[in-house]
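Q: need the 3D shape of this:
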Amino acid sequence: MKPSKLYSDQPTVFVPVEFEPEFNVVLAEIRVPENRDRDTHNLGKTTLGRLLDFGFLAGRDAKFFLFKHLDRFEDFTFFLEIELPDGSYVTVRRSVAEASKIAFKKHTGRHQDFTTLPDRDWDHIDVPFDRAKELLDSLLDWRALKPWRYRKGLGYFIRSQEDFRDVFHLRKFANSHADWKPFLAHILGFNADLITQHYAKEDELREKEHKATTIRQELGGEIEDAGKIDGLLLLKRQEVSRKQELLDAFDFRTQDKADTKQLVDQVDERIADLNQRRYSLTQNRKKVISSLEEDQILFDPEDARVLFREAGVLFDGQIKRDFQQLIAFNKAITEERRVYLVEEREEIEAELKVINAELNALGKRRSEMLAFLSSTDSFAKYKHLSGEMVTLRADIEGLERQREFVHRLQQLRADIRTLAEEKSHLQAAIEADVEAKNADSDSLFSRIRLFFNEIVEDVIDHKALLSVVVNQQGHLDFRAELLDDAGVATSADRGFSYKKLLCVAFDLSLLRAHLDDAFPRFAFHDGVLESLDDRKKENLLGVIRSYTALGLQSIITLIDSDLPPRSDEDPVFEPSDIVVRLHDVGDDGRLFRMKAW
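A: Just a heads-up that it's a prediction; the model follows:
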């Protein structure tokens, strides 16, 4: 459950890296003075973590450096030797040119070299990519991750610089919370099944609500009451039956009587009402138009001044100003009144338009009915009734389709109510589970949060709180915060160096809490000492060493300028700790001994 060796079939370009079971340092030395102030040095300390991920069967990504620079790496084949739970080893062979064809070899010896091993001596050869991941998953046997595969949480134990931005949400995770929150809850000791079911129920509820909205749009504001539609269908079918009897009997007296009654009671009465309303509106419109024409101020002060001068009367001065103010006041009133009058005219004209359209339709209907009543041609009446039957049957078909939509809508509403209730029950169960795990001092989560605080407090002498809460939507929110002396969360965790420390503390606390489980036993942290002051660097290195003493493997990368100051007699690292030493003098100092890309 730990990386043991990483090598390639081109050892002169990529020197084999043999990892120790516990503490491993990838040290980049900046020997050229002008390079010390640079942010990046392209020596390969970060690349090592990417190669480990490649060996653990990361998916092919065009942005990944091996594929982005295929002209440089196409001929490489990489080998990752991994220690298994039973103390044996498996070597994974993966070439760049055929990255989806994987080979496996189980063995008992450590730090083997299988670069020249014939294909016939491999246990599995040219295994398709998806099947290869399944096979490696069974070999690693990280049962504590089930039902998820081994790669789901690998990002917590191979942390790149991009993965230090958030303690919980890794770069490799999809944006959907349903993709990663159930898994994280599981490895923290919560009931992930409840969370998975809650997300699934939420998706199902959202889908049903979307379908209900679509059906309402298809109905287009029509009747949504099935009872009313059934009543209309009953009346329409009765009318069809009655007309069919008339057609079958070829006797139209009953129809004549019904049409006469309808003509008098409904059509003529409605026409009379509409004509009366049209007359009233027409008169009102005439008055409004007249008012608009009259609302003009005909008095002109200049004309009055000329007239007064001819009469020998003085008009200038106060009299002229009073008249101008009066005119301005009347103009303001007139404009406001004009706006109301224009609006009233528009409303009248709109209503008249509707009335005229209805009167035209009623007039046509009245003419047809009179023609039917006055007709002595039975075949013409038969044809007329047949046309009405066609219209009635079309109406019935439309109502039946509408009823089908309404029934579907009613069923969806019932499903939505059921799903909402089930979702509410799941949320209550999640809240109860989180509350119980928080309250239980012996729970896995309680142990993890104690280890987390212990690490942070040992490094920076501040308490840290790992917390999980259920938000209003029933989803879990994960938080990692630094606390002040009063136990109040501070903003210190927002700085990148402290955010990185929280990530490292979280990863290590996970590993320690799962020491008794079939769980990963290693962690790769890139640039682990960056931005910390010297005392905190010493503290963090002390914590990492204490964790490796528990049986965990730590692989850290750093630049020599990030090392805390020590005398030559008391170096920070023993020579055996440094598994890769990089430098900036020529190509031989890089992880890949070639020109930088």
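Q: my read: residue 152 touches residue 144, true?
A: No - look at residue 152 against residue 144 with C-beta atoms under 8 Å: they stay out of range, at 11.7 Å. No exception for glycine: its C-beta is placed from N, CA and C like everyone else's.
Q: just want to know which of the two has more residues nearby.
A: Just comparing residue 152 and residue 144: by other C-beta atoms under 10 Å the higher neighbour count belongs to residue 152, 20 against 16.
Q: quick one: residue 367 is in a strand?
A: No - residue state for residue 367 (DSSP: H, G, I helix; E, B strand; the rest coil) corresponds to helix; a strand is not indicated.
Q: if I look at it, how far off is residue 482?
A: 88 Å (C-beta to C-beta, to the nearest Å).
Q: neighbour count winner among the two?
A: A direct count of neighbours by other C-beta under 10 Å for residue 367 and residue 482 places residue 482 higher, at 22 against 10.
Q: now do the longest helix seen in the chain: distance to the chain's middle.
A: Scanning the chain for the longest helix, with DSSP state H as the assignment, gives helix 378-439. Remark: helix 378-439 is offset 29 Å from the chain centroid, using C-alpha atoms, centre = their mean, to the nearest Å.
Q: show me what it is packed up against.
A: Here helix 378-439 touches helix 192-219, helix 226-249, helix 318-374, helix 444-460, strand 464-470, going by 3 or more C-beta pairs under 8 Å, 6 or more residues apart in numbering; DSSP states H and E.
Q: which of the ones you listed comes out lowest on mean pLDDT?
A: Of all the helices and strands packed on helix 378-439, helix 226-249 carries the lowest average pLDDT, namely a mean of 63.
Q: so where is the stretch 451-597 of the chain shaky, pLDDT-wise?
A: Counting by pLDDT under 70, the stretch 451-597 of the chain has low-confidence residues at 491-494.
Q: quick check: phi and psi on residue 78?
A: Per-residue torsions, residue 78: phi -110, psi 150 (degrees, to the nearest 10).
Q: over to residue 80?
A: Torsion angles, degrees, to the nearest 10, at residue 80: phi -120, psi 120.
Q: which residues does it bridge with?
A: Residue 80 forms beta bridges with residue 6, residue 92, as assigned by DSSP bridges.
Q: quick one, what contacts it?
A: By C-beta atoms under 8 Å, 6 or more residues apart in numbering, the contact list for residue 80 reads 3, 5, 6, 52, 55, 56, 91, 92, 94.
Q: from residue 56, how far off is it?
A: 7 Å.
Q: and for those two, which residues touch both?
A: When contacts are counted by C-beta under 8 Å, 6+ apart, residue 80 and residue 56 have residue 92 as shared neighbours.
Q: start and end of stretch 586-593, how far apart?
A: 9 Å (C-alpha to C-alpha, to the nearest Å).
Q: quick one: contacts of that stretch?
A: Stretch 586-593 is contacted from outside by 12-15, 29, 31, 42-45, 47-48, 580, 582-583, 594-596, using C-beta under 8 Å, 6+ apart.
Q: state the mean pLDDT of the longest helix of the chain.
A: On average, the pLDDT along helix 378-439 is 79.
Q: just the buried residues of the contacts of residue 80.
A: 3, 5, 6, 52, 55, 56, 91, 92, 94 (16 or more other C-beta atoms under 10 Å).
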